[in-house]
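Trainee: below is the structure, and that's it, no one-letter string:
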């Protein structure tokens, strides 16, 4: 309260306007107070203080945002406000506007009274695979009024009682959660929809909450914030590809149509919870759906670039005609196998489900029958119009490098040039 | 407000690659020297490209957790961070003497102090000695002992070997170990022949790599003859040709590395208070070279 009075009555202040609370300093040294439900004029400082005691939510709300969260104009603050349905920015007009008569009826998101009611039980938002809840902290003998605390858990654990989840309280404990998927495989892409379940963070401070989200989905808050302000700096495929050097120098040679396949392979919702905003280039959109994610993807990530490098090498090969003999069912089985691998469902195929073409026994049978020499078929001889000696045309050098950087360095990053 | 951003390689395939980065970042967070400490990666997230926008501070000290000056520190990192008007000459380096450059970035209203990599800072010599102490468990290790510093080799970057030579000479100048030798994986003199190059009964081998992986945990132990199959592990010390080889993992995993990161930032003007003393106390590290100057 003291802070608020000080801020509103300081000599260099003409008042304040925040989340529906408006205090105006009149020329005659009196004050006017306007709230969504009331309006007072000609108040002495003592009267003003008394009137403010009647609107505790507005006062504690102001204190929380101005003195606990602070960070005006930061992604952190905007994200915390979004989490409870408050307007992002501006929450108040600047001083000159405040002097000409603040209007508490401006769009301030959900009004404070309504927000507080919702925060009593918790306001829930989804962020990728996260369920985020903002709550009012328990009021301890009049202290901590208006303070918010935050909970984080997996969306799939929404209805799981807290005691059945593994509790965490330090943001960096999330590093372990994000490192591997449920099959204990390393997750090189933090925004892959493979976040494990069974854990929760409860009662985090705003700072720890933001740090937790940042650990699970790095840089997503910063980019979301830029997008909210209409300032997202998207780097499209071609820009990103053209700035690459070293072994990635070649990725800008990937054909336009192949970039569609890259996006379809890597960037759809089933593979990444970011919403792809980058296109082939400015004015040339990819046909593939960018997805419905809350937060944007502003440029092809390192995983896409590394995979695209491999595809650039592969796409430099010429097509050939092949002769292979398969029954209709065997041809269909190949499709089923590719589908099963592409959808990551090979582990789900039951051992004895020989009706599934991607079943291991079915695949082994096909290999025994059709791949005696290690190949499914052979190249058609003397097929004019198809170059039959140019298997890795133009990119042999790059391919050999992949063992150095793309592969070796991945096993131990020290093998890269200068580390 | 001032922030420290540690930039490292990271990996698409190995979950442990980023661990030293997180460990050293946590140590520095604990000192409270910076308002914010962040990690950025080439192969993980946040990417070099997007790490600067995640800090609120206006002054940002960027320290590459890389061993040598070259392609990554001079081209890739500055490009991805959008360092404006960057030129390797700004470091005024002979290959091992990079300092720092103060630059604007293209995607945020911040001042970035782009520091030389940890690997070529003088304090790295202290970490190598510290590594010898921790692997032998002897704080006075030196007499009757040979120290071998292992590097990757020149390949496409001569500065890679230059950093190894630089620290090898500095350790030699301490006159603490009976012998000090630089050996390489990919060039002469090779680590394969380690026992041909040093005579002492006890040989401490310190790989100048940032994190443990294929080279430090598979190649080098096998190349030295410490084990036939890395999967079965090796003894520390292990015996090769009658000499005892004390081999642990990458020097970058040594806790005292946090000191080098801090010194890089301090050299660039960061106010780090008594953080160096705190780190020395926590990690048992000490400036063996009497450096810190």
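Mentor: Received the coordinates, thanks. Quantities reported herein were computed from a predicted structural model and do not represent experimental measurements.

Trainee: got any ranges where the stretch 101-250 of chain A has weak pLDDT?
Mentor: Flagging of the stretch 101-250 of chain A using pLDDT under 70 yields the residue ranges A:101-108, A:140-144.

Trainee: kindly report the residues of it close to chain B.
Mentor: A:172, A:175, A:179-180, A:186, A:188-191, A:214, A:218-219, A:221-223, A:226, A:233, A:243, A:245-246 (CB under 8 Å from any CB of the partner chain). All C-beta spots, glycine's among them, are computed from the backbone N, C-alpha and C.

Trainee: pull out the buried members of these.
Mentor: A:175, A:179, A:188-191, A:214, A:218-219, A:221-223, A:226 (16 or more other CB atoms under 10 Å in any protein chain shown).

Trainee: save these as JSON lines, and put in secondary structure and distance to residue B:193 too.
Mentor: Formatted as JSON lines, these follow (DSSP: H, G, I helix; E, B strand; the rest coil; distance: CB to CB, whole Å):
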{"residue": "A:175", "secondary structure": "helix", "distance to residue B:193": "40"}
{"residue": "A:179", "secondary structure": "helix", "distance to residue B:193": "38"}
{"residue": "A:188", "secondary structure": "coil", "distance to residue B:193": "37"}
{"residue": "A:189", "secondary structure": "coil", "distance to residue B:193": "42"}
{"residue": "A:190", "secondary structure": "coil", "distance to residue B:193": "43"}
{"residue": "A:191", "secondary structure": "coil", "distance to residue B:193": "47"}
{"residue": "A:214", "secondary structure": "helix", "distance to residue B:193": "48"}
{"residue": "A:218", "secondary structure": "coil", "distance to residue B:193": "44"}
{"residue": "A:219", "secondary structure": "coil", "distance to residue B:193": "46"}
{"residue": "A:221", "secondary structure": "helix", "distance to residue B:193": "53"}
{"residue": "A:222", "secondary structure": "helix", "distance to residue B:193": "51"}
{"residue": "A:223", "secondary structure": "helix", "distance to residue B:193": "51"}
{"residue": "A:226", "secondary structure": "helix", "distance to residue B:193": "55"}
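
Trainee: now the two most distant members of these.
Mentor: Greatest spatial distance among those (CB to CB): A:179 and A:226, at 27.4 Å.

Trainee: ramachandran angles for whichever residue of the stretch 101-250 of chain B sits closest to chain A?
Mentor: Residue nearest to chain A within the stretch 101-250 of chain B: residue B:213 (2.6 Å; CB to the nearest CB). Residue B:213 adopts backbone torsions of phi -170, psi -150, taken as degrees, to the nearest 10.

Trainee: give the residue farthest from the middle of the chain.
Mentor: I'll assume chain A. Residue farthest from the centre of chain A, counting by CA atoms, centre = their mean, is residue A:382 at 52.3 Å.

Trainee: wait, chain B was what I had in mind.
Mentor: In chain B, the residue that sits farthest from the middle, by CA atoms, centre = their mean, is residue B:242; the gap is 30.6 Å.

Trainee: past the worst-scoring helix or strand of chain B on mean pLDDT, which element shows up next along the chain?
Mentor: Here the helix or strand of chain B ranked lowest by mean pLDDT, DSSP states H and E is helix B:214, holding a mean of 86. Using DSSP states H and E, the next helix or strand after helix B:214 towards the C-terminus is helix B:220-223.

Trainee: on the three-state scheme, the residue lying closest to residue A:345 once chain neighbours are set aside is what?
Mentor: Among residues not flanking residue A:345 along the chain, residue A:358 sits closest, at 7.8 Å (CB to CB, 6 or more residues apart in numbering or on different chains). For residue A:358, the reduced secondary structure class is coil; criterion used: DSSP: H, G, I helix; E, B strand; the rest coil.

Trainee: mind splitting the chain into its structural domains?
Mentor: Since you didn't name a chain, this refers to chain A. A:2-112, A:122-227, A:233-315, A:322-379 (automatic domain parsing).

Trainee: my question was about chain B, not that one.
Mentor: Split by automatic domain parsing, chain B gives B:2-120+B:254-283, B:124-253.

Trainee: out of the ones you listed, which gets the lowest mean score?
Mentor: Lowest mean pLDDT within the domains of chain B: domain B:124-253, at a mean of 92.

Trainee: ok so, going back, wait, what's in contact with the residue farthest from the centre of chain B?
Mentor: Residue B:242 makes contact with B:195, B:201, according to CB atoms under 8 Å, 6 or more residues apart in numbering or on different chains.

Trainee: name the spans of the stretch 251-400 of chain A whose pLDDT lies under the cut-off.
Mentor: For the stretch 251-400 of chain A (pLDDT under 70), the answer is A:383-400.

Trainee: quick check: residues of it near chain B?
Mentor: So the stretch 251-400 of chain A meets chain B at A:298-299, A:301-303, A:306 (CB under 8 Å from any CB).

Trainee: and the residue of the stretch 1-150 of chain B closest to chain A?
Mentor: For the stretch 1-150 of chain B, CB to the nearest CB, closest residue to chain A: residue B:70, 3.0 Å.

Trainee: up against chain A, what does the stretch 151-293 of chain B have?
Mentor: Residues of the stretch 151-293 of chain B lying near chain A by CB under 8 Å from any CB: B:152, B:155-157, B:159-160, B:209-217, B:250.

Trainee: out of the residues you listed, which is nearest to residue B:64?
Mentor: residue B:210 (9.7 Å).

Trainee: what sits against the residue lying closest to that closest one once chain neighbours are set aside?
Mentor: Distances taken as CB to CB, 6+ apart put residue B:252 closest to residue B:210, at 3.6 Å, once the chain neighbours are dropped. Residues counted as contacts of residue B:252 (CB under 8 Å, 6+ apart) are B:20, B:65, B:67, B:118, B:209-211.

Trainee: repeat for residue B:24
Mentor: B:6, B:65, B:255, B:257-258, B:261.

Trainee: which residue sits closest to it, ignoring its sequence neighbours?
Mentor: Nearest to residue B:24 is residue B:258, by CB to CB, 6+ apart, at 4.5 Å.

Trainee: could I get the contacts of residue B:252 as TSV with neighbour count and secondary structure?
Mentor: Shown next, in TSV, are the contacts of residue B:252 (neighbours: other CB atoms under 10 Å in any protein chain shown; DSSP: H, G, I helix; E, B strand; the rest coil):
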residue	neighbour count	secondary structure
B:20	25	helix
B:65	28	coil
B:67	31	coil
B:118	28	helix
B:209	28	coil
B:210	29	coil
B:211	27	coil
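
Trainee: strands of the chain, start to end?
Mentor: No chain specified, so I'll use chain A. Ranges of strands within chain A are A:15-18, A:21-25, A:31-34, A:39-43, A:123-127, A:130-136, A:148-154, A:166-168, A:199-204, A:275-276, A:296-297, A:322-323, A:378-379, based on DSSP state E.

Trainee: hmm, no, I was thinking of chain B.
Mentor: Using DSSP E, strands in chain B cover B:2-8, B:36-41, B:59-64, B:100-105, B:108-115, B:145-151, B:179-184, B:202-207, B:238-240, B:243-247.

Trainee: now render the ones you listed as TSV, adding distance to residue A:10.
Mentor: Below are the strands of chain B laid out as TSV (distance: least, CB to CB, whole Å):
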stretch	distance to residue A:10
strand B:2-8	29
strand B:36-41	30
strand B:59-64	29
strand B:100-105	35
strand B:108-115	28
strand B:145-151	62
strand B:179-184	65
strand B:202-207	61
strand B:238-240	72
strand B:243-247	66
